[in-house]
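Student: based on what follows, work out the 3D shape:
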Amino acid sequence: MDRSLTIAVRMRASLGDLTPAERRAATHILSHFPMSALGSITALAEAAEVSSPTIMRLVRKLGYGGWSDYQAALKAEVERLLVAPLSLPEGALDKAPFVKAVQNFYFTNPIARASAVMAECSALAQSRQQQAAE
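Tutor: Residues are numbered from 1 along each chain as shown. Sure, this is the predicted structure:
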């Protein structure tokens, strides 16, 4: 798939080629783009009601080597839009409506972001305690 296209455009273009579970994951990502894919693969899989391997298959079908490769590309794309919006072609920001959500996530609401990270860490610790007890 053409890496010159944005991740969201590439994902939308691939919807017809995905399995039902991969499509459910892609639809969830697109509905909450880019925020849902900036966290852990486990959190995304749970939110999309699919397995982590389904997320891995999805990102591989999009041309990425794995989750970290996908996240690096997503973060670079978001950073490019946030750091240098004036260097983008005219109208490019109009095609990236997620910019405001990302700005809010990183700059306006750091307490909520920190709370979300703490909650995820707490859930992971509880899960590991339960596994250790079994």
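Student: the bottom helix or strand of the protein by mean pLDDT?
Tutor: Within the chain, confidence by mean pLDDT, DSSP states H and E is lowest for helix 99-103 among all helices and strands, at a mean of 56.
Student: can you list the low-confidence ranges for this structure?
Tutor: By pLDDT under 70, the weakly predicted segments of the chain are 1-4, 81-117.
Student: run the last query once more with 90
Tutor: Across the chain, the ranges flagged by pLDDT under 90 are 1-11, 14, 30-40, 73-134.
Student: just the helices in it please.
Tutor: 7-14, 20-31, 41-48, 52-61, 67-83, 99-103, 110-133 (DSSP state H).
Student: would you turn the ones you listed into JSON lines with mean neighbour count?
Tutor: Glycine gets a C-beta too; all of them are placed from N, C-alpha and C. Converted to JSON lines, the helices of the chain look like this (neighbours: other Cβ atoms under 10 Å):
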{"stretch": "helix 7-14", "mean neighbour count": "17"}
{"stretch": "helix 20-31", "mean neighbour count": "18"}
{"stretch": "helix 41-48", "mean neighbour count": "18"}
{"stretch": "helix 52-61", "mean neighbour count": "19"}
{"stretch": "helix 67-83", "mean neighbour count": "16"}
{"stretch": "helix 99-103", "mean neighbour count": "15"}
{"stretch": "helix 110-133", "mean neighbour count": "11"}
